[in-house]
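# any chance you can model this:
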Amino acid sequence: MYIKKRDGRSVAFDPSKIVSAIKKAITSTTAVDFDIDAKVDMITKAVTTSCRAICKSGTTLTVELVQDFIEEYLIHADLPAVAKNFILYRKQHANLRNDKELFDGALKVMDDYLEELDW
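Residues are numbered from 1 along each chain as shown. Okay, here's the model as predicted:
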């Protein structure tokens, strides 16, 4: 099973990345009164099952789709605070990617301009 990254590359699906994302979201939540490993395992299995079903249907598995599944299963697992932290993390990183694209674009414009000058 493969997943399409944001840069267009396809890489092998790695459930450990799901485990890591869920654990980070859980540990960023202040009040945790449950067995973290059991919840992470349950949610990871559910997300992985959904990913396999998507692949079997012929749909391309993407990072965004996997993250959508994680959000959905966090909510279904009655972990709204954890889901909120995960959603905020996603939004923050989307903003960082957009800022990087803007910055990279500005650098390219500057480089192109400087290359045209006859020094």
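# I figured I70 hits K24, correct?
No. Applying CB atoms under 8 Å as the test, I70 and K24 come out as separate, 11.0 Å apart. For the C-beta atoms, the positions are set from N, CA and C on the backbone; glycine is no exception.
# so those two - more neighbours on which side?
Set I70 next to K24 and count neighbours by other CB atoms under 10 Å: I70 wins out with 24 against 13.
# please name the nearest non-neighbouring residue to that one.
Nearest residue to I70, sequence neighbours excluded (CB to CB, 6 or more residues apart in numbering): V47, at 5.7 Å.
# how about the contacts made by that neighbour?
By CB atoms under 8 Å, 6 or more residues apart in numbering, the residues touching V47 are P15, I18, V66, F69, I70, Y73.
# tell me which helix or strand it sits in.
helix 36-56 (DSSP states H and E).
# and the next helix or strand along the chain from that helix, how far from the chain's centre?
Proceeding N to C from helix 36-56, the next assigned helix or strand is helix 63-76, under DSSP H and E. How far helix 63-76 lies from its chain's middle: 9 Å, per CA atoms, centre = their mean, to the nearest Å.
# gap between the residue nearest the centre of the chain and D78?
By CA atoms, centre = their mean, the chain has its centre lying nearest to Q67, at 4.8 Å. The gap separating Q67 from D78 is 19 Å, by CB to CB, to the nearest Å.
# again, but for S20
22 Å.
# more neighbours: these two, which one.
Ranked by neighbour count (other CB under 10 Å), S20 and D78 place S20 first, with 13 against 10.
# surely the residue nearest to the centre of the chain meets R90?
Yes. Using CB under 8 Å, Q67 makes contact with R90 at a distance of 5.9 Å.
# re the thing from before, and the helix holding V47, what's buried?
For helix 36-56, the neighbour count (16 or more other CB atoms under 10 Å) marks K39, V40, I43, T44, A46, V47, T48, S50, C51, I54 as buried.
# do stretch 21-35 as well
Neighbour counts over stretch 21-35 (16+ other CB under 10 Å) mark A21, I22, A25, I26 as buried.
# out of those residues, which are inside helices?
Counting by DSSP state H, these place A21, I22, A25, I26 in helices.
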